[in-house]
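J.: model this:
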Amino acid sequence: MDLGRYLVDAVLLEGQSSGALAKRHGISRSWVYRLLARYREGGYEALEPRSRRPHSCSHEVDAETQATIARLRQGLIAAGLDAGAQTIAHHLTPLVDRVPSVATIWRILSRQGLVTPQPHKRPKSAQHRFEAELPNQMWQADITLWALADGREVEILNQLDDHSRLLVGSEALSRFKAEDVMRSFLAAGASYGLPAALLTDNGAVFTANSRRGKVVLESELERLGVAGKHSAPYHPQTCGKVERFHQTLKKFLAKQAPPTSVALLQLQLDTFRSYYNQQRPHRALRGRTPLVAYNARLKAGPKAPAPTTHFRVRHDRIDAEGRVTLRYLSRLRHIAVGRAHKRKRVTLLVADADVRVLAEDGTLLRELTLDPSRVYQPLGEPRFVDDVVRQVSTMS
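T.: Prediction:
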């Protein structure tokens, strides 16, 4: 027997005083009177606890707005776009008079069974995230794969500003070479200004550190004063922002008609880039779009390039044609030394484009400055021979 029924029976059946009962049980006398009134109106059933929920709520979201929220979510999902509560709130602005809070939108979606709570996820307080302080302080670049309608895989190069998440470049090619990466980077720099640093992984088109050389992008970054940075091997989290962007982009591409060519894929990339930069609110940017965040602060830029020289020592053997090979600016150069020296072992002393070819006994066989426009470097006399001829001519 609950307390309410006990009090009613004590008053009505036993004739006890309402005031004495209230004092004995530590309750107010007015509550005993309300229990008696409810019993007289509806019997013992009326004594059950009643809901305190109000009959109406002045700030309750109307049914039409709730239906608009559901339609927006379904439409964004069908287009392969982010359909979170924050994105829906952003797109609700021109559609309704009063936009509910992000938390309210999430509760509406949850009640309708359109979202599933994920309490197993790590809380944001447990994450340690680096973010550049200024736009153009650092860009992240990476290449990912996507398949055309006929099954052919092509490559997509994405370049992302670390501070604002602005997509400064998104380009598709059958295969990216080092020269293509440099061209794409310079095109993005022409549109948004050069960054102070560029962060990439250790792909062959980004760096030749493992080969003890340089690709054309590295040489160009040095010339421009842009710091080239690379993630640790097998640690993609270093480039986490652009890696995560790949997932967002592929979610969109998966909802589009499979492109039949690289050109059609590029049109899809351009469409998404415009939406992503200018219309899609970003949770990490407190609901701002990347373009708004990019334009909100002053821009960083590259430092004045310091004069640096890249030195290499290479041991090789002259081939039967009297040539020796050397990789320079991502291309293999053939340096003519002369058939008279074929099969000889030589040492190449390289200082950027300046090359000296030495025999095993230290004799200088060839000295030249590489012509970057030519794969085959023509035969030329060592500089010291020219000096000797010039001196002889002067004496005579």
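J.: Kindly check the end-to-end length of stretch 44-52 for me.
T.: End-to-end span of stretch 44-52 (CA to CA, to the nearest Å): 19 Å.
J.: What residues sit buried inside it?
T.: residue 47 (16 or more other CB atoms under 10 Å). Every residue, glycine included, has its C-beta placed from N, CA and C.
J.: Now it: average pLDDT?
T.: For stretch 44-52, the mean pLDDT works out to 77.
J.: For the stretch 101-250 of the chain, just list every one of the helices.
T.: Using DSSP state H, counting those that start in this stretch, the helices of the stretch 101-250 of the chain run over residues 102-111, 178-192, 216-224, 240-253.
J.: and for stretch 145-156, what are the contacting residues?
T.: 143-144, 170-176, 249-250, 253, 258-262, 265, 269 (CB atoms under 8 Å, 6 or more residues apart in numbering).
J.: May I see the helices of the stretch 101-250 of the chain organised as a markdown table, with mean pLDDT and mean neighbour count added?
T.: Output for the helices of the stretch 101-250 of the chain, formatted as a markdown table (pLDDT from 0 to 100; neighbours: other CB atoms under 10 Å):
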| stretch | mean pLDDT | mean neighbour count |
| --- | --- | --- |
| helix 102-111 | 85 | 17 |
| helix 178-192 | 92 | 18 |
| helix 216-224 | 87 | 20 |
| helix 240-253 | 92 | 17 |
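J.: Relative to residue 328, which of those is closest?
T.: helix 216-224 (9.3 Å; CB to CB).
J.: Correct me if wrong: residue 357 contacts residue 350.
T.: No: using CB atoms under 8 Å, residue 357 makes no contact with residue 350, being 9.9 Å away.
J.: Look at those two and report which has more neighbours.
T.: Taking other CB atoms under 10 Å, residue 357 and residue 350 do not tie; residue 357 has more neighbours (25 against 20).
J.: Apart from its neighbours in sequence, what residue is nearest that one?
T.: Leaving aside its sequence neighbours, residue 357 sits nearest to residue 366 (CB to CB, 6 or more residues apart in numbering; 4.1 Å).
J.: on that earlier part again, mind checking which of the contacts of stretch 145-156 are buried?
T.: Looks like the contacts of stretch 145-156 have 143, 170-173, 176, 249, 253, 259, 262, 265, 269 buried, using 16+ other CB under 10 Å.
J.: Okay, and which of these map to strands?
T.: Among the buried ones among the contacts of stretch 145-156, the members found in strands (DSSP state E) are 143, 170-173.
J.: Return the closest of these with respect to residue 223.
T.: For those, the nearest to residue 223 is residue 171 (21.9 Å; CB to CB).
J.: Okay, and the beta partners of that closest one?
T.: Beta-bridge pairing for residue 171 (DSSP bridges): residue 157.
J.: quick one: it from residue 201, how far?
T.: 17 Å (CB to CB, to the nearest Å).
J.: pLDDT below threshold where in the protein?
T.: Applying pLDDT under 70 to the chain flags residues 1, 55-59, 117-129, 234-236, 305-308, 380-396.
J.: what's next to the host helix or strand of residue 77, contact-wise?
T.: Taking DSSP states H and E as the definition, one finds residue 77 inside helix 63-78. Outside helix 63-78, the residues within contact range by CB under 8 Å, 6+ apart are 82-83, 87-88, 91-92, 95-96, 98, 100, 105, 108-109, 112, 114, 255.
J.: out of those, which one sits closest to residue 165?
T.: residue 82 (12.3 Å).
J.: Who are the contact partners of that closest one?
T.: Residues in contact with residue 82 (CB under 8 Å, 6+ apart) are 76, 248, 280.
J.: Phi first, then psi, for it.
T.: phi -60, psi 130 (degrees, to the nearest 10).
J.: Counting neighbours, what do you get for the residue nearest to residue 187 when sequence neighbours are not counted?
T.: Of all residues not flanking residue 187 in the chain, residue 169 sits nearest, at 6.7 Å (CB to CB, 6+ apart). Residues within reach of residue 169, counting by other CB under 10 Å, total 21.
J.: And for the residue nearest to residue 109 when sequence neighbours are not counted, the neighbour number?
T.: What sits nearest to residue 109 in space, not counting adjacent residues and going by CB to CB, 6+ apart, is residue 115, at 4.5 Å. Using other CB under 10 Å, residue 115 has 17 neighbouring residues.
J.: Make sure residue 115 is actually in contact with residue 106.
T.: Yes: Residue 115 is within contact range of residue 106, at 6.8 Å (criterion: CB under 8 Å).
J.: JSON lines for the helices of the stretch 101-250 of the chain, including distance to residue 323?
T.: JSON lines is the format used below for the helices of the stretch 101-250 of the chain (distance: least, CB to CB, whole Å):
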{"stretch": "helix 102-111", "distance to residue 323": "67"}
{"stretch": "helix 178-192", "distance to residue 323": "23"}
{"stretch": "helix 216-224", "distance to residue 323": "22"}
{"stretch": "helix 240-253", "distance to residue 323": "41"}
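J.: which residues touch residue 162?
T.: Neighbours of residue 162 in contact, by CB under 8 Å, 6+ apart: 131-132, 137-140, 199, 241.
J.: need the residues you listed in TSV with distance to residue 185, can you?
T.: Output for the contacts of residue 162, formatted as TSV (distance: CB to CB, whole Å):
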residue	distance to residue 185
131	21
132	17
137	16
138	13
139	8
140	12
199	12
241	17
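J.: quick check, nearest of the residues you listed to residue 337?
T.: Taking these together and measuring to residue 337 by CB to CB, the closest member is residue 199, at 40.4 Å.
J.: so what's the closest one up against?
T.: Residues in contact with residue 199 (CB under 8 Å, 6+ apart) are 138-141, 162, 229-231, 238-239.
J.: Just say helix, strand or coil for residue 346.
T.: When classified by DSSP: H, G, I helix; E, B strand; the rest coil, residue 346 comes out as strand.
J.: where does it sit relative to residue 291, distance-wise?
T.: From residue 346 to residue 291 the distance is 55 Å (CB to CB).
J.: between those two, who's got more neighbours?
T.: residue 346 (21 against 18).
J.: Nearest spatial neighbour of that one, chain-adjacent residues omitted?
T.: Using CB to CB, 6+ apart, the nearest residue to residue 346 is residue 357, at 5.3 Å.
J.: Many thanks, we can stop here.
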